[in-house]
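In: got a sequence here, can you build the structure:
(one chain, ligands or ions: 1)
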Amino acid sequence: MALTVKPTQATLGAIVTGVNLARLDDATWTAVEQAFLTHAVLIFPGQHLSDDAQIAFGHRFGNIEQLVADREIVPISNQRADGTLLKDDEYGMQIMRGNEGWHTDSSYMKLAAKASVLSAHVVPSEGGETEWADMRAAYDALDDVTKARIANLSAYHSLHYSQSRIGHKAAVGSSYGFHNDSPPLRPLVKVHPVTGRKSLFIGRHAYGIPGLTPEESEKLLDGLVTFACQPPRTYKHSWSPGDVVVWDNRCVLHRARPFDHGEARVMRHTRIAGEAASELAIAS
Ligand SMILES: [Fe+2]
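Out: You can find the predicted model right below:
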């Protein structure tokens with residue numbers, strides 16, 4: 001098998017074939033890592049990884065962020081273990097509904113995420129895609145006035161904030177991310193620790209830019225997301241069971257697309273922790 005990396009028509013993303021992620025030798029890993037840094041989203045169709053293989057692939061990128069104690073892979077699913085489906089007003093569905101807004105994983109934690117691995121196990125007949133937006137290309141496309149305006153701005157990031165905007169008030173400590181600590185503060189412009197490229201670090205968890213009123217802050221941040229998440233900077237993947245995707249949370253936003261909640265959508269997720277030198281909040 002020859003590794004093939006086929007870039008999408010968007011500014012980010014590539015389809016990678018000719019590789020078995022469950023048996024990744026070091027030379028192939030180096031090529032995959034290089035493609036990850038270049039394209040920021042890698043789609044591997046038809047891998048059908050076991051949980052252990054997905055976890056091992058995650059470890060290639062760094063330390064695993066445990067969303068549930070002692071677990072390195074977690075379900076993202078509207079289906080319970082007994083096969084029944086969650087109802088729209090249930091807690092788990094509120095979290096899934098939140099995932100439909102543009103975000104980057106764990107920006108609300110003191111240490112934001114480096115990368116995320118997602119695999120498809122059961123997919124609905126329609127919808128339920130994942131879409132990514134390139135924050136490197138978005139930053140490059142900003143006019144000089146906006147670049148100068150945001151150069152020294154930061155925003156707080158909070159899951160309480162983002163969920164409350166969709167009408168979900170979660171109790172402190174109710175699940176991962178709903179912590180009681182003061183929220184982390186992060187610059188709006190992030191420099192990628194490996195490539196050195198600048199990108200917008202925004203999304204639904206960001207709010208409360210110091211020096212701006214809440215209204216000014218919300219208007220600026222919403223405007224940046226709207227501008228950033230437009231073609232040719234977006235790519236949407238329609239899942240088939242067995243597909244695996246990894247993306248770089250340091251420079252892309254992502255969102256889930258809606259689907260009929262009368263059908264099951266079962267994904268499995270492994271999150272790779274950021275590095276303290278580059279993903280630790282500047283203050284909280
Ligand atoms: Fe996410």
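
In: from here on, contacts and neighbour counts on C-alpha atoms
Out: Will do.

In: what comes up buried for stretch 273-284?
Out: Under the neighbour-count criterion of 16 or more other C-alpha atoms under 10 Å, stretch 273-284 has 273-274, 278-281 buried.

In: which residues touch that stretch?
Out: When contacts are taken as C-alpha atoms under 8 Å, 6 or more residues apart in numbering, the neighbours of stretch 273-284 outside the stretch itself are 62-65, 110-115, 156, 182-187, 192-193.

In: go again using 7 Å as the cut-off
Out: Contacts with stretch 273-284, where a contact means C-alpha atoms under 7 Å, 6 or more residues apart in numbering, come from 62-65, 110-114, 182-186, 193.

In: picking that back up, TSV for the buried residues of stretch 273-284, including distance to His160 and secondary structure?
Out: Formatted as TSV, the buried residues of stretch 273-284 follow (distance: C-alpha to C-alpha, whole Å; DSSP: H, G, I helix; E, B strand; the rest coil):
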residue	distance to His160	secondary structure
Ala273	21	strand
Gly274	21	coil
Ser278	24	helix
Glu279	20	helix
Leu280	19	strand
Ala281	17	coil
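
In: can you point me to the longest strand in the chain?
Out: Assignment by DSSP state E gives strand 113-122 as the longest strand of the chain.

In: give me the mean pLDDT for that strand.
Out: For strand 113-122, mean pLDDT is 98.

In: give me the helices and strands touching that strand, please.
Out: Contact here means 3 or more C-alpha pairs under 7 Å, 6 or more residues apart in numbering; DSSP states H and E; on that basis strand 113-122 packs against strand 244-248, strand 266-273.

In: narrow the contacts of stretch 273-284 to those that are buried.
Out: With neighbours counted by 16+ other C-alpha under 10 Å, the contacts of stretch 273-284 contain buried members at 63-65, 110-114, 183-186.

In: sort out for me which of those residues are in strands.
Out: Counting by DSSP E, the part of the buried ones among the contacts of stretch 273-284 found in strands is 64-65, 113-114, 185-186.

In: which of those lies closest to Glu90?
Out: When those are compared for distance to Glu90 (C-alpha to C-alpha), Glu65 wins out at 25.1 Å.

In: quick check: the residue nearest to the closest one when sequence neighbours are not counted vs Gly98, distance?
Out: Distances taken as C-alpha to C-alpha, 6 or more residues apart in numbering put Ala273 closest to Glu65, at 4.8 Å, once the chain neighbours are dropped. When C-alpha to C-alpha, to the nearest Å is the yardstick, Ala273 and Gly98 sit 21 Å from each other.

In: repeat for Phe178
Out: Taking C-alpha to C-alpha as the measure, Phe178 falls 13 Å from Gly98.

In: which one's more surrounded, the two?
Out: Counted by other C-alpha atoms under 10 Å, Phe178 and Gly98 do not tie: Gly98 has more neighbours, with 22 against 18.

In: helix, strand, or coil at the closest residue to the more buried one other than its chain neighbours?
Out: Taking C-alpha to C-alpha, 6+ apart, and ignoring the residues beside it in sequence, Gly98 has Gln163 as its nearest neighbour in space, at 6.2 Å. Following DSSP: H, G, I helix; E, B strand; the rest coil, we place Gln163 in the helix state.

In: in this structure Gln163 contacts Met96, no?
Out: No: applying C-alpha atoms under 7 Å as the test, Gln163 and Met96 come out as separate, 10.3 Å apart.

In: in terms of neighbours, single out the busier of those two.
Out: Set Gln163 next to Met96 and count neighbours by other C-alpha under 10 Å: Gln163 wins out with 21 against 17.

In: what distance do you get for the more buried one to Thr213?
Out: 20 Å.

In: okay, strands next: where are they in the stretch 151-284 of the chain?
Out: With DSSP state E, counting those that start in this stretch as the criterion, the stretch 151-284 of the chain has strands at 154-157, 185-187, 189-191, 198-200, 206-207, 234-237, 244-248, 252-256, 266-273.

In: could you look up the SS state of Lys147?
Out: Per three-state DSSP, the secondary structure class of Lys147 is helix.

In: that one - how many residues pack around it?
Out: Applying other C-alpha under 10 Å, we find 15 residues neighbouring Lys147.
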